[in-house]
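Student: make a model of this:
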Amino acid sequence: MAKRTCISFFSLLLFLAGSRAVAQDTVMVPLHLRAGFDISGPMLKFVNKDLVSYGLLTSVDITEAVTLNAGLRYSSFHTERHIYDFSSRGLSIVTGAEYNFLKANVSKGKYYAGIGLRYGLSLYAEEAPVIRYTNAWGEGVSSIPLSRHAGHYIEITPGFRTELFRGVTIGWNLYMRLLISAGAGKDLKPVWMPGYGPATKGMATAAEYYVSFSIPYKRKKVIIMPKTEDPEYEDEGEPVTAPPGTPSGFGGGR
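Tutor: Coordinates of the predicted model:
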């Protein structure tokens, strides 16, 4: 009898331990610091000879799903058209956050599929040394001297990222940029605003590819299945008691 009681007791302990592991599952996720560069910028020179662009991006994981980031980009643009010559150059700065839609047990600190929101500031100089025009009095040539401006915009950035091997990740982002202000007046919108694109439009799109180096600085325990009560115990009813005056025992009386 004692042996059977001990076996039953240990079986109950194992059952409860197993139920607890299933009821509340957790996973350890590394949080990273990242610094990377845009590999698509230099390659654009082969597609668009008017544009030179170099970008850097840094980020830090705040939680398993939320990352803060900041970027710096230098752009130079020069074009010669039939009616004008135009050039601009400058630095753009972006800062914001992104959210990873992948669950912690899927992302594992290595994979990202999400969307970000950033504020962008463009500090640039522009000039149009030649502007050709035609009117009722004939043809003429004018110019706009070099001037400096500060433009503002918002970026919405869906994208993906994956770990190539330990410490190195690669990813790409699509950009939908919404112009707040070109900083040059509503009648003098730049042909190209560094960091944004053609500021003659209220919205611009682009894509960028980044290679980043990452360092884990912390590990976080994430609950991926909330704790729930065992259904077997939830269905238990209240204990049944005999009515007052009823004799005890299985027979219920003589």
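
Student: now do the strands in the stretch 101-250 of the chain.
Tutor: 112-135, 138-165, 168-181, 203-223 (DSSP state E, counting those that start in this stretch).

Student: could I get those strands as CSV with mean pLDDT?
Tutor: Below are the strands of the stretch 101-250 of the chain laid out as CSV (pLDDT from 0 to 100):
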stretch, mean pLDDT
strand 112-135, 91
strand 138-165, 90
strand 168-181, 95
strand 203-223, 92
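
Student: as a markdown table, these with mean neighbour count would be great.
Tutor: In short, each C-beta sits where N, CA and C put it, glycine included. As requested, the strands of the stretch 101-250 of the chain are exported to a markdown table (neighbours: other C-beta atoms under 10 Å):
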| stretch | mean neighbour count |
| --- | --- |
| strand 112-135 | 17 |
| strand 138-165 | 14 |
| strand 168-181 | 17 |
| strand 203-223 | 15 |
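
Student: quick one, which of those is nearest to Thr58?
Tutor: strand 203-223 (8.7 Å; C-beta to C-beta).

Student: tell me which strands the closest one pairs with, and in which orientation.
Tutor: Applying DSSP bridges, strand 203-223 is found paired with strand 26-38 (antiparallel), strand 168-181 (antiparallel).

Student: pull the residues that contact the shortest one.
Tutor: Judged by C-beta atoms under 8 Å, 6 or more residues apart in numbering, the contacts made with strand 26-38 from elsewhere in the structure are 53-64, 73, 104-105, 107-109, 169, 208-224.

Student: now it: buried residues?
Tutor: For strand 26-38, the neighbour count (16 or more other C-beta atoms under 10 Å) marks 27, 29-32, 34, 36, 38 as buried.

Student: show me what contacts the closest residue to Asp50 other than its chain neighbours?
Tutor: Nearest residue to Asp50, sequence neighbours excluded (C-beta to C-beta, 6 or more residues apart in numbering): Thr79, at 4.5 Å. Counting by C-beta under 8 Å, 6+ apart, Thr79 touches 50, 85-87, 191-192.

Student: show the subsequent helix or strand relative to the helix or strand containing Thr79.
Tutor: In the assignment (DSSP states H and E), Thr79 maps to strand 66-80. Following strand 66-80 in sequence order, the next helix or strand is strand 84-100 (DSSP H and E).
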